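Turn this into a model:
(2 chains)
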Number of protein chains: 2
Amino acid sequence: MSDPQAYIEQHKDKFLDELFELLRIPSISTDSTRKEDIRKAAGFLINQLKSLELSRVELFETPGNPIVFGEYCPYDDKPTVLVYGHYDVQPSDPDELWHTPPFEPTIKDGNIYARGASDDKGQSFTHIKAIESFVKSGQPIPVNVKFLLEGEEEIGSPNLVPFIETHKDMLECDMVLISDTSMFGKDQPSITYGLRGLAYMEVEVVGPNRDLHSGVYGGAVENPLNVLCEIVAKLKDDNGVIQIPGFYDKVVPLTMADREASAALPFDEDSYKESLDIDAVHGEKGYTTLERASSRPSLDVNGIWGGYQGEGAKTVLPSKAGAKISMRLVPDQNPKEIAELFKKHFESLAPDTVKVKVTEHHGGFASVTDLNFYGLKAGAKAFEEIYKTDVLFAREGGSIPVVADFKRVLGVESILMGFGITSDAIHSPNEKFSVQDFYRGIKTSARFFELLPDFSE
Amino acid sequence: MSDPQAYIEQHKDKFLDELFELLRIPSISTDSTRKEDIRKAAGFLINQLKSLELSRVELFETPGNPIVFGEYCPYDDKPTVLVYGHYDVQPSDPDELWHTPPFEPTIKDGNIYARGASDDKGQSFTHIKAIESFVKSGQPIPVNVKFLLEGEEEIGSPNLVPFIETHKDMLECDMVLISDTSMFGKDQPSITYGLRGLAYMEVEVVGPNRDLHSGVYGGAVENPLNVLCEIVAKLKDDNGVIQIPGFYDKVVPLTMADREASAALPFDEDSYKESLDIDAVHGEKGYTTLERASSRPSLDVNGIWGGYQGEGAKTVLPSKAGAKISMRLVPDQNPKEIAELFKKHFESLAPDTVKVKVTEHHGGFASVTDLNFYGLKAGAKAFEEIYKTDVLFAREGGSIPVVADFKRVLGVESILMGFGITSDAIHSPNEKFSVQDFYRGIKTSARFFELLPDFSE
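Numbering: from 1, shown residues only, chains lettered A, B, ... in the order given. This next block holds a predicted model:
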């Protein structure tokens, strides 16, 4: 047996078993009680890389979760691809909405249901299996390859950028390959050439020094819950325009080419609404749904709390209210600057009856990749061969801030070769990943590595 | 020993021990898992009444929590007093803010710290002990007396009004005596002659059919948390005026006499702000703090929730948001009508991008008692003898909807003889009740029963 594609075809069950083993580990990075599971997932990947007979496999400690690194670079005349992925996952809550246990992967209707199935364990695992298909079928790996798998993507990769900066030489490459995005639709492969950035804030509004009886004090003492709502309501106007002064100052306006490319993408707003059970979409006036969700900045309350949330009625005027509020950014917004502008504006909206505290969680820059880059073209060709259809190029609304960091520190473009689809419910209950796309992902990755040397000439 | 006051003085420790026994029972009516504790508290009171040698003591079942009834009515020529109180308590959460366990009463700095210490176990227990002081010191009980102690006050007394209506004859009386309010200040007895009503609502805003990734959908799909904030912000204007159409239609305006009585009350706004750690008060424009907190309607968010409330950052665009919102009412607002107006207005404010659900929890009418009623005068005299100071008459902001129901069904006024103080932190962590006022309450109640026959002539 000497054909990597045949090897893949013949080892589907083994690949799935191995992925399931990884998915069973609840490596939730936002949950500080899951440190052991984080290490377990990292250890699993170290063993995977070791089985590939690479020249170097190493677990790097960081102040946070460890980074898994692997390297096989025998060629002077071939491009070097750095595969980036993450082995940490989002929390699974609300757990009661899962139809199957989030950390017991279950196959149903051709999909793998599990937290991390698509984001990003399932997707990033395809590249490890692609390299395996060369090694185990006795073929040479066609390019220089490095692996960089981190465990803090879902908490904003606080230790990754320092790591990249410190290990710049070790990570030297011609491009980064990332599978952590969605295809444009089922059976419609696409390459994401743009990502949004992120600024994630937490706010607290404090009124009286203790919870009060709403009968005794209601009407005379400002209620922090009402105030929080009033401030949040002022952050956007009725046209969906964010009201933070200076927020749009550095936004690069969409070009006619951008808008035409977006308009050319197949998109059915009725099916979109139907799939979400909503009667109407809503967003910034003057932009299409696709533009709003990918190429324009946004502001969302991600969580809110305060007062009595239990059964029945409690007549309390609470002391405190809080919220998590995040903004998606586009080129050339600077997340630190946006966080500062938000803080200043939020504080300015607070009446003198309360105290507010605004803190910053993680953030990251938006990015857009040059459409003429040869790596993108090789990726598109690989997709077309395996999926037997044309590839679309799209900007996407999510954030992979490290893409901007790879560009800044290593000077390279990233190829976002997503095998998931939008309805995979990543970050939601019942996250899934198509079994077929898991296999096609492995095949596409293997073909990409084979094709790349020719495109680089 | 033949003097009830001497008996009280000599049995202080016993009274305190008995109250502690009652306070140790977590009879939380909003918590459906506490049914057994509810029955335990009712049973304790049945035993207490049985020890008073009344002519009738009975536990009445209702569709909800049982009602404790007792009666001793030997006189044709003396007034009949119906003592009303409640043995259920508010939830204790947030438990982590209590300095001592909420259901392990602890004495500190002359106060009893426990959930229910003031509201209403400690206060209502004074009347049982007052009657005991006659019985056990060999004196005749000076008036006809009935006890009506319920276990659903904190959930809006859903079964009390039907009970009163069904047992109208059994409950026939000349007045109701209630200790479930606050004195105007420490050592400053007061009789509450007005109470606010209540309409308590719960709202839910539903957007997409599942939690979404805020990167993939943010900016294009309406976020129910943002919408909830926007609707709540529209419920009041910047002057604290409630914006629900028709809300003020039936409000009886404050008379000049009302405003003068309120202005005559000793009130120091600086100490008020200081005690709450707030820099400024806030409420309906054109009214004083006392008026806002007692004689004008109000609207407060009592609880709000939605999305991710855990540690760190989760980039979710949540499917649902919810809130509990209540309004305090004044004469002659009708709680059912107000609930309807709220529902209609809230629904009208919802954009077509979401679905809203508005449900009603309990409600109740406001009430104002005639200041010339002889029962009030007897109460004031008793207060003055025990506290050795003048009594103030004040309207209070809380709600005891049953007061309006007693007036409607039994045709009688209620005497609100509060022994607590505003800073007792009822409904809050670290609820307390002064040990001294517990004893003075028992003495005042005993003197009230002794004085009442003379005032009725």
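
Nearest residue to the residue in the stretch 301-450 of chain A that chain B sits nearest to in space, please, no chain neighbours.
Nearest residue of the stretch 301-450 of chain A to chain B (Cβ to the nearest Cβ) works out as residue A:398 at 3.1 Å. Quick note: C-beta positions are derived from backbone N, CA and C, even for glycine. Leaving aside its sequence neighbours, residue A:398 sits nearest to residue B:215 (Cβ to Cβ, 6 or more residues apart in numbering or on different chains; 3.1 Å).

Which helix or strand contains that neighbour?
In this structure, residue B:215 sits in helix B:214-217 according to DSSP states H and E.

what's that helix packed up against?
The helices and strands touching helix B:214-217, judged by 3 or more Cβ pairs under 8 Å, 6 or more residues apart in numbering or on different chains; DSSP states H and E, are strand A:298-307, strand A:320-329, strand B:316-317.

Let me see the ranges of the helices in the stretch 1-150 of chain A.
Secondary structure of the stretch 1-150 of chain A by DSSP state H, counting those that start in this stretch: the helices cover A:4-10, A:12-23, A:35-50, A:121-136.

Output the last one in CSV with nothing but the alpha carbons.
What follows is the C-alpha trace of helix A:121-136 in CSV, where atoms were taken according to Å, rounded to 0.1, in the frame of the first residue of the first chain:
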residue,chain,number,x,y,z
LYS,A,121,-10.4,19.1,17.9
GLY,A,122,-12.1,17.4,14.9
GLN,A,123,-10.8,20.0,12.4
SER,A,124,-7.3,20.3,13.6
PHE,A,125,-6.9,16.5,13.9
THR,A,126,-7.3,16.1,10.1
HIS,A,127,-3.8,17.4,9.5
ILE,A,128,-2.2,15.0,11.9
LYS,A,129,-4.0,12.2,10.2
ALA,A,130,-3.0,13.6,6.8
ILE,A,131,0.7,13.5,7.7
GLU,A,132,0.1,10.0,9.1
SER,A,133,-1.2,8.9,5.7
PHE,A,134,2.2,9.7,4.1
VAL,A,135,4.3,8.2,6.9
LYS,A,136,2.3,5.0,7.3
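
buried ones in it?
A:121-136 (16 or more other Cβ atoms under 10 Å in any protein chain shown).

Name the nearest of those residues relative to chain B.
The shortest approach to chain B among these belongs to residue A:123, at 14.3 Å (Cβ to the nearest Cβ).

Can you pull the domain assignment for chain A?
Chain A breaks down by automatic domain parsing into domains covering A:4-195+A:366-455, A:198-251+A:297-364.

Need the CA coordinates for the helix holding residue B:215. PDB is fine.
In PDB, the C-alpha atoms belonging to helix B:214-217 read as follows (Å, rounded to 0.1, in the frame of the first residue of the first chain):
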ATOM      1  CA  SER B 214     -21.200  35.800  18.500                       C
ATOM      2  CA  GLY B 215     -18.500  35.900  15.900                       C
ATOM      3  CA  VAL B 216     -20.400  34.000  13.300                       C
ATOM      4  CA  TYR B 217     -23.800  35.700  13.900                       C
END
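
What mean pLDDT does that helix get?
Mean pLDDT, helix B:214-217: 92.

centre of the chain versus that helix, how much separation?
Helix B:214-217 sits 45 Å away from the centroid of its parent chain (Cα atoms, centre = their mean, to the nearest Å).

that older thread, export the domains of chain A to TSV and tack on distance to residue B:224?
Conversion of these to TSV gives the following (distance: least, Cβ to Cβ, whole Å):
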stretch	distance to residue B:224
domain A:4-195+A:366-455	14
domain A:198-251+A:297-364	9
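
Report the mean per-residue pLDDT for the longest helix seen in chain A.
When chain A is parsed with DSSP state H, its longest helix is helix A:435-455. Averaged across helix A:435-455, pLDDT comes to 97.

Dump it to CSV, keeping only the CA atoms.
In CSV, the C-alpha atoms belonging to helix A:435-455 read as follows (Å, rounded to 0.1, in the frame of the first residue of the first chain):
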residue,chain,number,x,y,z
VAL,A,435,-18.2,12.4,9.8
GLN,A,436,-17.9,12.7,6.0
ASP,A,437,-16.2,16.1,6.3
PHE,A,438,-13.8,14.7,8.9
TYR,A,439,-12.6,12.2,6.3
ARG,A,440,-12.7,14.7,3.4
GLY,A,441,-10.7,17.1,5.6
ILE,A,442,-8.0,14.5,6.0
LYS,A,443,-7.9,13.8,2.3
THR,A,444,-8.0,17.5,1.4
SER,A,445,-5.1,18.2,3.8
ALA,A,446,-3.1,15.4,2.3
ARG,A,447,-3.7,16.6,-1.2
PHE,A,448,-2.8,20.2,-0.1
PHE,A,449,0.6,19.0,1.1
GLU,A,450,1.2,17.1,-2.2
LEU,A,451,0.2,20.0,-4.4
LEU,A,452,1.9,22.8,-2.5
PRO,A,453,5.5,22.4,-3.9
ASP,A,454,4.3,22.9,-7.4
PHE,A,455,2.3,26.1,-6.6
